[in-house]
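Novice: Have a look; sequence and predicted model below, questions after that.
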Amino acid sequence: MVLFQISEPGETQLQRQHHLAVGIDLGTTNSLVATVRDGHAETLVNAHGDYHCPSVVRYFADAPPVVGQEAKDAAYQDPLNTIASAKRLLGRGVADIETTANRLPYEFSSSDCGMPYIKTVAGNISPVAVSAEILKKLMEQAEADLGGELDGAVITVPAYFDDAQRQATKDAARLAGLKVLRLLNEPTAAAVAYGLDSGSEGIHVVYDFGGGTFDVSILRFSRGVFEVMATAGDSSLGGDDVDRLLAEWLLAEAGLTGEIEHRHLRRIIGEANRAKEALTTAASVQLSIETQTGEVWQGVLTRADFEALIDPLIMRTLRPCRRALRDAGLTTDDIQDVVMVGGSTRIPRVRECVAEFFGREPMVDIDPDKVVAVGAAIQADILVGNKPGDEMLLLDVIPLSLGIETMGGLVEKLVPRNTTIPVVRAQEFTTFKDGQTAMSIHVLQGERELVADSRSLARFELRGIPPMNAGAARIRVTFQVDADGLLSVSARELTSGVESSIEIKPSYGLTDSEVEKMLADSLLYAAEDVKKRRLHEQLVDSARLIEAVEAALKMDADGMLTNKECVTIKAALTTLKDKIQSEDIALIKAAHDKLERVTSDFAARRMNVHINEALSGKLLDQIID
Amino acid sequence: MESFFSKDYFQLFNFPAVYDIDRDALTQRYRDMQGLIHPDRFVNATEKERRMSVQLTALINEAYNVLKSPLARARYLLQQRGVDIDDSVTSKDIAFLTEQIELRERLEEARQGSNPGRALMKLAGELQKRLMGLQLALEDAFLDESPDALEKAHRLYDEMQFISRLNDELDEIEDALN
């Protein structure tokens, strides 16, 4: 017997499959995962009822690593194998961390790809792999809670993260087997959570002082559009620095000098952290630490002394505030309100200084720890397609200028900071020697004029330039920054039409094959799990494609496709649906690529027609107005 | 798609190609277009659509940047009307050259004076006023249909470019003071 499915007209629209998507705040000290459930965004708790997952991973010689509170609790007894604050090392080179690393109680080894690796009993571990462990833990927690595999995640990054740091974050997600819907800037996420909550239109400042980074963003919220006007910050300034400053004070007061054992240093930093938190409410705090000779030093720190100690750090956050205001072309009078995000904004002195600078009391009524994850969850819910997306749009910017090296070690900027993304910019260069057939291109990021002062993102070579006189070749270098803030660069010689395809090797990032190798080497997943994960990723991708193509056919097959085209697309669609059952990744992938290929022209036609229709519609509206 | 990339920036926004542009309407149109083509709207689309969305959004962003900036818009309009703008050629206008030297000297004096913050702020105010005046003059020049109007617009653009750059330098000096 055949059962007919009975449905009301329009009902299929409502019955769209609900996709599981989360927002992840991958923090320096703590990470959180949130989701939208029944139209309401909430942070997810683990089995112990905590929504905080300390960003700490402990490695073992013969057992899988542990992540979170359990690892954090072991930090004193096993400091070298317990990795905290890995976010500070993401996307950094060996040379960069020499300044940071002597403050971090780990041992480092360098690697072929220029990334610092941390020496542990489980081998040398990259900061990317440490972050992947944290993401994996949160993903598993969310999947257990939501009762299914995730379709994707929005992961937040500090707005001031450079390209290498963003790329490293995305690599960590790939390693964890997590599909990234979008990398979202933390202050933007906070603004989403806050703005949608209060619905207040106007210009908002988000002051985001976290465990390891400081960001400030100025956003305009108007009729459902969040537009980032300017962003500035310091990607290596955070609450950790407050702890370190306090620890140094403790060392000096207690008369500790010279080399201090890792374990001991950890304890002192722990004591400093405790003192900082106590001083949020108390006027003074009792301190005690063990000296090298085993005696116990005791002392008192008053809030006034503490504030005098950390004032220079707070002043360092106001400089970017000033610059962001100027870049946005605003004064403090234009600001409607200031939103505080990040654990370090709990320090009363921080609130005081911010209030003084902006001339108004900052908003502290939303939990500064949760707001970023909640904003990310809201965005993830929209991006994954659970909501009709046209109710909110985020327009974000690139935080740091991008350029390339020119003669004399100077940087020529192609994309200035605070340009709205996505952006495509091209510039022409020429050869400087007769018969020159190759050109080396060095991509840099930062505001300084000298190459030596800028962050090197990538170097590549354009080969196969036909020999010509000096200055005759025309090489067009194109920068594209996508909506995740990630850069891709291509170069082409115009006079000959010779186009070289270039694979860019990021200076501190990972190539696809390195990610593959790391995944194989890592302890993240057992061999079968890797295969299962991979299959799952392919299935999610293919399901998404099928959904997109079916929706497109339903809407536009009539009028935009010839019968023959329609038959070809439907055949490819049926093949992919069929292959999905096979559990053979190669077969599914081939069918997937085929469907992408045969729908390519259709996609272009649809895009064109719809945009033109929509624009002329808008024009009509205006005439009527 | 192709038809999109071959449009000039004014056509793209469905605006008449004039200098005096309605900023609010421009911003509204920009947001409407972003709402349709931004990559966030194509996360679940095919790869081809996602790629096109990035390229189109980048184009709209670029066009918006040019049209909303009084300086970039003047340059774009001049180029549209066939004026060749060569930044390496210095002005032959003696009065303007003299003024350039004077303004540079004033910036230097302000920087080295006893109260640089105040002096810089005063100069910044003057430069802002100057830029507003130039913008109004450019509006007239671009409407003027007499044969030497374009020449005049070009001269006004050169002035605006100089004042804008000086203003940027002033900002940097102010920034360094803080």
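Specialist: Yep, it's here.

Novice: CA atoms for contacts and neighbours, from now on please.
Specialist: Noted.

Novice: tally of neighbours for the closest residue to chain A within chain B?
Specialist: Taking Cα to the nearest Cα as the measure, chain B has B:Ala58 as its residue closest to chain A, at 4.4 Å. Residues near B:Ala58, counting by other Cα atoms under 10 Å in any protein chain shown, number 25.

Novice: Remind me which helix or strand it belongs to.
Specialist: helix B:47-68 (DSSP states H and E).

Novice: The next helix or strand after that helix: how far from the chain's middle?
Specialist: Next helix or strand after helix B:47-68 toward the C-terminus (DSSP H and E): helix B:70-80. Relative to its parent chain, helix B:70-80 has a centroid offset of 7 Å by Cα atoms, centre = their mean, to the nearest Å.

Novice: Repeat that for stretch A:288-302.
Specialist: Distance of stretch A:288-302 from the chain centroid (Cα atoms, centre = their mean) equals 40 Å.

Novice: Ok, stretch A:379-386 next?
Specialist: Stretch A:379-386 has its C-alpha centroid displaced from the chain centroid by 17 Å (Cα atoms, centre = their mean).

Novice: Backbone dihedrals for the closest residue to the residue of chain B closest to chain A other than its chain neighbours, both of them.
Specialist: Nearest non-adjacent residue to B:Ala58, counting by Cα to Cα, 6 or more residues apart in numbering or on different chains: A:Val423, 4.4 Å away. Dihedral pair for A:Val423: phi -140, psi 140, per degrees, to the nearest 10.

Novice: From the structure, what's the count of residues near A:Val423?
Specialist: Burial of A:Val423, expressed as a neighbour count using other Cα under 10 Å, amounts to 25.

Novice: Could you do A:Ala452 as well?
Specialist: Using other Cα under 10 Å, A:Ala452 is surrounded by 12 other residues.

Novice: what sits up against stretch A:565-575?
Specialist: With Cα atoms under 8 Å, 6 or more residues apart in numbering or on different chains as the test, stretch A:565-575 has contacts from A:Ile546, A:Ala557, A:Ala591, A:Lys594, A:Leu595, A:Val598, A:Thr599.

Novice: mind listing the helices for chain B?
Specialist: B:2-5, B:9-12, B:23-37, B:47-68, B:70-80, B:94-112, B:116-143, B:149-177 (DSSP state H).

Novice: which one of the ones you listed is the most hemmed in?
Specialist: Highest mean neighbour count of the helices of chain B: helix B:47-68, a mean of 21 (counted as mean count of other Cα atoms under 10 Å in any protein chain shown).

Novice: I'd like to know which elements that helix is packed against.
Specialist: strand A:423-429, helix A:600-624, helix B:9-12, helix B:23-37, helix B:70-80 (3 or more Cα pairs under 8 Å, 6 or more residues apart in numbering or on different chains; DSSP states H and E).

Novice: rerun at 6 Å
Specialist: Under the contact criterion of 3 or more Cα pairs under 6 Å, 6 or more residues apart in numbering or on different chains; DSSP states H and E, helix B:47-68 touches helix B:70-80.

Novice: Turn the helices of chain B into JSON lines, including mean pLDDT.
Specialist: Output for the helices of chain B, formatted as JSON lines (pLDDT from 0 to 100):
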{"stretch": "helix B:2-5", "mean pLDDT": "64"}
{"stretch": "helix B:9-12", "mean pLDDT": "90"}
{"stretch": "helix B:23-37", "mean pLDDT": "88"}
{"stretch": "helix B:47-68", "mean pLDDT": "91"}
{"stretch": "helix B:70-80", "mean pLDDT": "94"}
{"stretch": "helix B:94-112", "mean pLDDT": "89"}
{"stretch": "helix B:116-143", "mean pLDDT": "91"}
{"stretch": "helix B:149-177", "mean pLDDT": "89"}
